[in-house]
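Asks: Any chance you can model this:
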Amino acid sequence: MKPLGRIYLIVILIFLYTPILVMMAMGFNASPLYELPFSFSLQWYQALWNNTVLLTAGLNSIIIATITAVLSTALGTMASVALSRRTFRGKSLLQLMLLPPIAIPWLITGTAMLIFFYWSGIGRGMHALLIGHVALAIPYVVLVVGTGFRTIRADLEEAAMSLGSTPVHAFFSITLPLLYPSILGAALFAFAVSLDQFVISYFLATPGYTTLPVQIYSSIRKGFTPEINAISTVLLLGSMTIILIFARFAKPGDTRDKR
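Replies: Residues are numbered from 1 along each chain as shown. From the prediction side, this is the model:
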């Protein structure tokens, strides 16, 4: 059974990564129509460097994703602390209400946000994008950090407080360092959700301020060029670098005593 399991795993990995590798390779092909034989060229990266529309949209996406990761991680972590360490009326209902934003199709969520923002006077633009992306990312952060909370013994804080520590000091000196991998993982998750978000951005972006997924969609409608492969490759390599750094230094799941 083990050889069959390895073969199955290899087939799944090939199925997942082959389209990505082909997309990256065609960004270095001189042909604008992806013709073979392959002819190595950096002309599409040079064209990307001069494509201010794509670069501006990419920068907008990174800015929004970074702010979304910071805000949603801070708010989601505080919510996880309350849900994991406190008992109050309506707690079960609040925990249950975290699931619909994840399960409801983003098309419905985007339509609802657009209607609500117009009705409330918020309108569209960068501020609306930030509110929408943060609202989408918070449930993921709460779930990820909440899972980390369940791996931490609550009596560690109680032991610290029995020795004279205040609740705030016990949390920041004991619980928070143990939560660091979960919080960092949740921040990366929120960043990825925001960076990849198309539907909400499509509804809430204005013609003068758009994100990379929306701009790529608009460019494809006019005609696909390998410049999109180039910027996709840059973002992919950047994302993989961040993930590798996280895996190297955070070491999630490593509970060995390192003294």
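
Asks: what sits against the residue most central in space within the chain?
Replies: Geometric centre of the chain, nearest residue: Ala192, 1.9 Å, by CA atoms, centre = their mean. Shown in contact with Ala192 (CB atoms under 8 Å, 6 or more residues apart in numbering): Ala65, Ser239. C-beta: built from backbone N, CA, C; applies to glycine.

Asks: run the last query once more with 10 Å
Replies: By CB atoms under 10 Å, 6 or more residues apart in numbering, the contact list for Ala192 reads Ala65, Ala69, Ala137, Tyr140, Ser239, Ile242, Ile243.

Asks: Go through those and flag which are in helices.
Replies: With helices defined by DSSP state H, the entries of the contacts of Ala192 inside them are Ala65, Ala69, Ala137, Tyr140, Ser239, Ile242, Ile243.

Asks: The fifth one against Leu188, yeah?
Replies: Yes: when contacts are counted by CB atoms under 10 Å, Ser239 is listed as touching Leu188 (8.9 Å).

Asks: so Ala159 touches Ser173, yeah?
Replies: No: here Ala159 does not reach Ser173: they are 12.0 Å apart, not a contact under CB under 10 Å.

Asks: any residues in contact with both of these two?
Replies: Each of Ser165 lies in contact with both Ala159 and Ser173 under the rule CB under 10 Å, 6+ apart.

Asks: Which elements pack onto the helix or strand hosting Phe149?
Replies: Phe149 belongs to helix 126-150 when assigned by DSSP states H and E. If you count contacts as 3 or more CB pairs under 10 Å, 6 or more residues apart in numbering; DSSP states H and E, helix 126-150 packs onto helix 52-85, helix 91-96, helix 100-103, helix 106-120, helix 176-195, helix 199-204.

Asks: How far off centre is the last one?
Replies: Between the centre of helix 199-204 and the centre of its host chain there is 16 Å, according to CA atoms, centre = their mean, to the nearest Å.

Asks: For it, name the packing helices and strands.
Replies: Short answer (3+ CB pairs under 10 Å, 6+ apart): helix 199-204 packs on helix 52-85, helix 106-120, helix 126-150, helix 176-195, helix 212-222.

Asks: Name the surrounding residues that touch the second one.
Replies: Right, the one you point to is helix 106-120. 100-102, 104-105, 122-125, 127-129, 131-132, 135-136, 197-204.

Asks: switch the cut-off to 7 Å
Replies: Pro101, Gly123, Arg124, Ala128, Gly132, Val199, Ile200, Tyr202, Phe203, Leu204 (CB atoms under 7 Å, 6 or more residues apart in numbering).

Asks: is it true that the fifth one touches Ile200?
Replies: So the one you mean is Gly132. Yes: with contact defined as CB atoms under 7 Å, Gly132 and Ile200 form a contacting pair (4.6 Å).

Asks: Greatest separation within the contacts of helix 106-120: which pair is it?
Replies: Maximum pairwise distance in the contacts of helix 106-120, criterion CB to CB, is 21.7 Å, between Pro101 and Gly123.

Asks: More neighbours: which of the two?
Replies: Pro101 (15 against 12; other CB atoms under 10 Å).

Asks: pLDDT (mean, whole number) over the host helix or strand of Ile231?
Replies: Per DSSP H and E: Ile231 is located in helix 226-249. The pLDDT scores in helix 226-249 average 77.

Asks: List the buried residues in that helix.
Replies: Pro226, Glu227, Ile228, Asn229, Ala230, Ile231, Ser232, Thr233, Leu235, Phe246 (16 or more other CB atoms under 10 Å).

Asks: With that, I have no additional questions.
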